[in-house]
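> Provided below are the primary sequence and the corresponding predicted coordinates.
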Amino acid sequence: MKNIVGAVNRRALLKAGVVLGGGVVAGGMTLSEVVWAAEGKVLKVSSDHDVTTFDPGFYTQATEVDIMNCIYSKLTHYKPGSEWGWELEAAEKIDQVDPTHIRFRLKKGIMFTGGYGELTSKDVKFSLERVIKHKSGAIPDLGPFDHVELEDDHTGVIVFKTPYVPVWMITLPFAVGHIVSEQAVMTATEDGNNFGMKPPAFSGPYVLADFKANQYTLLARNPDWAGRRPGFDEIRIVPIQDAKTAERAYQAGDVDFSHISPDSIEGFKSSPPASTKLDVRTALGYLWLGMNTENPKLKDINVRKAIQWAINVPQILEAAYAGKAEVATGTIAPGILGHRAKALVPPEGDLQKAKEFLEQAGVTDLALTLACRNTSEHSTVAQTIQAQLSQIGISVEVNALDAGSFWTIGMESEGERWKDAELILNEFIGLPDPHYEVSWFTQAQVGVWNWERFRSQRFDELVDKAVTISVPEERAKLYYEMQDLMEESGAYRFLTNGATATVYRTSQIAEAAARPDGNPLFLDFKPTST
């Protein structure tokens, strides 16, 4: 790890710029304009996933969005700090005209690299509408979005078919809110579809200077950027999926900011490395055991309920997180509207009740596979579930996969692999609006992100209705019912919303800015003065 990070120096960047298909050269940067950054302040961080796309309209995970925040512009962005909120970014002004119309006016002078000119309202329209046109997996983020009406080069109106309350905390400040250049993307793709790993232009404070799969992403300052100058000249992001490995990289000095495992929190508190600050926050993600309801072994709801009741969640959290993560009551975390006070199945389960469900199903000698990511935490969770299910006569084979293989398990676009899926230990990120935590489980998402193939017309109706309601108490009741429906299907056993624990080296970083859930906001990181 140390050799990888250390190798990305001025010479490496110079060499990379010559061969890079989607970075400096494709973005219109001359090498002389960017290589100087390697001599300035460098932010070295670990990330728990590698990048699979640099296209915000087709993002797959939060760590990609962390990078997109640096290389593109959005109308608004999340505020760093302990309270959820948003601030203007590319928008000079933005207003909710009525429940289905939002008018924005762009700041003037935000430029795309590569000679693609100024960022305009046409680019906003293109960026949002292409997500729908090309049927991206990120469509749920847009809700009932319909189109953008153009008033002039800097002014437009975002139009929704029906009211969409989550637009302020999901659509605009997160992934699909990033604005790409229509001209650049059309030139690169011909039809405006996913440009994947080769972004044709940038409009943020940084440009993508180099990327090596499973090694690093390198960002350098954008000389065309005229906005607020971020604190670091260069950002080096190293993907380290396993939290324990990330901790070792931090302790070795290979990175100056890193996530750590919840079971390491006490150790870092009692004897932290020199010049280290620990930050622990309540996470918004959710970890659960999912069951493929269309697999022949799991079609019977009694089998699924037997599995639900056989699982003792506190035991799992003690084994995998040293008890530092709280039991989840559903997909929606504490502190977010719609969080249930308790789940329908008690945290400890009930082995006798589990055995009774199996008897009702008339099933004996059941053998299942459990797919999980090959991190130390997820492997421990899977092995604990394996032991618990053995107590009711179900044998489980744990199949620990690398991220690339895991994230295609339930995707119909990847062939018929989904048919063989049985038990899946899955984890999604959360955002401060509850819509984000339920939108992936509609019938439209079956074979996309809904790998349990859960189907409920009532659930779909509630998802659509809840985003139109502005009264918090009324809206919350609908999210309670949605999570009840998921659990009643037998396809889900909710485990934990997790905890976000990060460390950073104060000799290099004066402040590691983050959202309230601990997710980093690199543009707001402040370097230590030297």
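Alright, I've got the coordinates. Remember, it's a predicted structure, so these values are computed and weren't measured experimentally. Residues are numbered from 1 along each chain as shown.
> Now the longest helix along the chain: buried residues?
The single longest helix within the chain, with elements called by DSSP state H, is helix 472-488. Neighbour-count burial for helix 472-488, counted by 16 or more other CB atoms under 10 Å, picks out 475, 476, 478, 479, 480, 481, 482, 483, 485, 486, 487. Every residue, glycine included, has its C-beta placed from N, CA and C.
> What helix or strand is the spatially closest residue to residue 121 that is not a sequence neighbour located in?
Sequence neighbours aside, residue 156 is the residue nearest to residue 121 in space, at 3.8 Å (criterion: CB to CB, 6 or more residues apart in numbering). Element membership of residue 156 [criterion: DSSP states H and E] is strand 155-160.
> follow-up on the earlier one: am I right that the residue nearest to residue 121 is in contact with residue 147?
No - Residue 156 lies out of contact with residue 147 (CB atoms under 8 Å); the separation is 10.0 Å.
> Between the two, which contacts overlap?
Taking CB atoms under 8 Å, 6 or more residues apart in numbering as the criterion, residue 156 and residue 147 both touch residue 125.
> Comparing those two, which shows the higher neighbour count?
Higher neighbour count among residue 156 and residue 147: residue 156, with 25 against 15, using other CB atoms under 10 Å.
> could you list every residue that touches the more buried one?
Residue 156 neighbours (CB under 8 Å, 6+ apart): 103, 104, 121, 124, 125, 148, 149, 150.
> Residue 422 too?
Counting by CB under 8 Å, 6+ apart, residue 422 has contacts 291, 292, 295, 297, 298, 368, 369, 370, 371.
> Phi first, then psi, for residue 368.
Note on residue 368: its backbone torsions stand at phi -130, psi 160 [degrees, to the nearest 10].
> distance of the closest residue to it other than its chain neighbours from residue 289?
Nearest residue to residue 368, sequence neighbours excluded (CB to CB, 6+ apart): residue 422, at 4.7 Å. Applying CB to CB, to the nearest Å, the value for residue 422 to residue 289 is 11 Å.
> which residues do these two both contact?
By CB under 8 Å, 6+ apart, the residues touching both residue 422 and residue 289 are residue 370.
> which non-adjacent residue is nearest the residue nearest the centre of the chain?
Geometric centre of the chain, nearest residue: residue 62, 2.6 Å, by CA atoms, centre = their mean. Once flanking residues are discounted, residue 62 sits nearest to residue 429: 4.6 Å by CB to CB, 6+ apart.
> Over to residue 102?
With CB to CB, 6+ apart, the residue lying closest to residue 102 is residue 158, at 4.4 Å.
> my guess is that neighbour meets residue 104, correct?
Yes - counting by CB under 8 Å, a contact exists between residue 158 and residue 104, whose distance comes to 7.0 Å.
> Of those two, which one has the most company?
A direct count of neighbours by other CB under 10 Å for residue 158 and residue 104 places residue 158 higher, at 26 against 23.
> where's that one relative to residue 405, distance?
For residue 158 relative to residue 405 (CB to CB), the value is 38 Å.
> rewinding a little: any residues in contact with both of residue 158 and residue 104?
residue 124.
> Count residues in the vicinity of residue 529, would you?
Residue 529 has 5 nearby residues by other CB under 10 Å.
> Next one: it from residue 522, what distance?
Distance from residue 529 to residue 522, counting by CB to CB: 19 Å.
> Residue 365 now?
For residue 365 relative to residue 522 (CB to CB), the value is 52 Å.
> Repeat that for residue 260.
Counting by CB to CB, the gap from residue 260 to residue 522 is 18 Å.
> before we move on, what about residue 426?
Distance from residue 426 to residue 522, by CB to CB: 27 Å.
> Over to residue 275?
Residue 275 is 20 Å from residue 522, by CB to CB.
> Likewise for residue 124?
23 Å.
> So between the two, which is more surrounded?
residue 124 (27 against 23).
> Show me what the helix or strand hosting that one is in contact with.
Residue 124 belongs to helix 121-133 when assigned by DSSP H and E. The contact list for helix 121-133 (CB under 8 Å, 6+ apart) reads 56-58, 75, 104, 106, 112, 136, 138-139, 141-142, 145, 147-148, 150-156, 158, 176, 178-182, 185, 192-193.
> Buried ones from those residues, can you make that a PyMOL selection?
Those of the contacts of helix 121-133 that count as buried under 16+ other CB under 10 Å are selected in PyMOL with:
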select buried, resi 56+57+58+75+104+106+112+136+138+139+141+142+145+148+154+155+156+158+176+178+179+180+181+182+185+192+193
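> Okay, and which of the contacts of helix 121-133 map to helices?
Checked against DSSP H, these include these in helices: 182, 185.
> Just the ones of the contacts of helix 121-133 in strands?
104, 106, 145, 147-148, 150-152, 155-156, 158, 178-179 (DSSP state E).
> wait, which of those residues is closest to residue 309?
residue 145 (40.5 Å; CB to CB).
> Skipping its backbone neighbours, what lies nearest the closest one in space?
Residue 145 sits nearest to residue 160 (CB to CB, 6+ apart), 5.6 Å away.
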